[in-house]
Every structure is written in C-alpha cells, then in structure tokens.
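Undergrad: Here you go, sequence then predicted model.
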Amino acid sequence: MTYAADLLYEEVAYLAYHFHWPLDELLDLEHPERLRFVAQVARLNGQ
C-alpha cells in the first residue's frame with residue numbers, strides 16, 4: 001500500500017513548521033506515529 005504523496009508532504013510540512021525537525025527525521029517516522037504527532041499539534045493549536 002502506498003501513501004498519497006500530497007498527504008505525506010502536508011503532514012511533513014505541518015510537523016516541520018511546528019517542531020523544526022529535519023526532513024529525514026520526519027520521513028523516518030512510521031505513518032501512524034506521524035499522524036499521532038499531527039493530531040497532537042492540531043489539538044494544541046485548537047484546530
């Protein structure tokens with residue numbers, strides 16, 4: 001199963017903006033873990 005490139009870029013950009021982590025570290029995250037970080041940042045931002 002592949003993950004849509006647009007969604008991957010969106011997740012990575014969102015986390016990079018908030019965490020200032022390097023691209024390679026964000027891409028090394030497993031998809032469920034990355035989504036969990038995205039959800040947590042969204043909750044912290046009231047989104």
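TA: Happy to help now that I have it. Numbers count the residues shown, from 1 in each chain.

Undergrad: What helix or strand is the residue nearest the centre of the chain located in?
TA: Closest residue to the average C-alpha location of the chain: residue 11 at 3.5 Å, with CA atoms, centre = their mean. For residue 11, the host element (DSSP states H and E) is helix 5-19.

Undergrad: That helix packs against which elements?
TA: Secondary-structure packing of helix 5-19 (3 or more CB pairs under 8 Å, 6 or more residues apart in numbering; DSSP states H and E): helix 23-28, helix 31-44. Backbone N, C-alpha and C define where each C-beta goes, glycine included.

Undergrad: Show me the shaky parts of this protein.
TA: Of all residues in the chain, those with pLDDT under 70 make up the ranges 1-2.

Undergrad: again, 80 this time
TA: 1-3, 47 (pLDDT under 80).

Undergrad: ok, now how distant is residue 4 from residue 20?
TA: 25 Å (CB to CB, to the nearest Å).

Undergrad: Can you report how many residues neighbour the nearest residue to residue 45 once chain neighbours are set aside?
TA: Leaving aside its sequence neighbours, residue 45 sits nearest to residue 18 (CB to CB, 6 or more residues apart in numbering; 7.9 Å). Neighbours of residue 18 under the rule other CB atoms under 10 Å: 15.

Undergrad: So residue 18 sits against residue 41, correct?
TA: Yes - checked against CB atoms under 8 Å, the pair residue 18 and residue 41 is within contact range at 4.9 Å.

Undergrad: related to what we said a few turns ago, would TSV of the helices and strands packed on helix 5-19 with mean neighbour count be doable?
TA: Converted to TSV, these look like this (neighbours: other CB atoms under 10 Å):
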stretch	mean neighbour count
helix 23-28	11
helix 31-44	12
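
Undergrad: helix, strand or coil for the nearest residue to residue 31 once chain neighbours are set aside?
TA: Nearest non-adjacent residue to residue 31, counting by CB to CB, 6+ apart: residue 3, 6.3 Å away. Of the three states, residue 3 takes coil under DSSP: H, G, I helix; E, B strand; the rest coil.
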